[in-house]
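1. predicted model and sequence below, questions to follow.
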Amino acid sequence: MFQSLLAKLSGSQDGHTCWQLIEQGAKVIDVRSPEEFNSGHLPGAINIPLANLESGLTQVTDKQASIVLYCGAGIRAQKGCDILKAQGFNCAINGGSLKDLLCCQPI
Ligand SMILES: O=S(=O)([O-])[S-]
């Protein structure tokens with residue numbers, strides 16, 4: 001509940017929009033810590049902790065690529081979006097929290 005509220009306040013996209021993008025091939029970046037990532041993450045997500053994002057995004061070279069970032073409640077994901085947009089990745093969106101994304105994962 002608290003995480004969902006934080007996700008809304010962080011400016012994250014709704015989960016269904018995120019899943020549509022993911023199904024269309026968007027890159028999925030989990031900006032949480034490796035410990036958080038290892039305790040559960042979205043299938044296909046890559047882990048680039050927020051602190052490493054500026055230098056760590058070597059897997060994505062196409063600046064027009066859709067990128068969905070998520071974290072625990074959307075705050076770090078929003079910061080990550082801001083970092084990527086400053087680098088010219090204009091299609092980066094805040095997917096909010098892992099929990100919210102899992103809740104609306106298409107079957
Ligand atoms: O939203 S958060 O995972 O940075 S607390």
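-> Done, it's in.
2. now the helix or strand hosting Q20, how far from the chain's geometric center?
-> If you go by DSSP states H and E, Q20 is part of helix 15-23. From the chain centre to the centre of helix 15-23 is a distance of 11 Å (CA atoms, centre = their mean, to the nearest Å).
3. and it, what other elements does it pack with?
-> strand 67-71, strand 92-97, helix 98-103 (3 or more CB pairs under 8 Å, 6 or more residues apart in numbering; DSSP states H and E). Backbone N, C-alpha and C define where each C-beta goes, glycine included.
4. now render those as TSV, adding mean pLDDT, mean neighbour count and distance to the ligand.
-> Listed next are these as TSV, based on pLDDT from 0 to 100; neighbours: other CB atoms under 10 Å; distance: least, CB to the nearest ligand atom, whole Å:
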stretch	mean pLDDT	mean neighbour count	distance to the ligand
strand 67-71	96	28	4
strand 92-97	95	27	7
helix 98-103	94	18	9
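5. can I get the helix holding Q20 as PDB, trimmed to CA atoms?
-> In PDB, the C-alpha atoms belonging to helix 15-23 read as follows (Å, rounded to 0.1, in the frame of the first residue of the first chain):
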ATOM      1  CA  GLY A  15       1.800  -1.100 -15.000                       C
ATOM      2  CA  HIS A  16      -0.300  -2.100 -18.000                       C
ATOM      3  CA  THR A  17       1.500   0.500 -20.100                       C
ATOM      4  CA  CYS A  18       4.800  -0.800 -18.900                       C
ATOM      5  CA  TRP A  19       3.900  -4.400 -19.700                       C
ATOM      6  CA  GLN A  20       2.800  -3.400 -23.200                       C
ATOM      7  CA  LEU A  21       6.200  -1.800 -23.700                       C
ATOM      8  CA  ILE A  22       8.000  -4.800 -22.300                       C
ATOM      9  CA  GLU A  23       6.000  -7.100 -24.600                       C
END
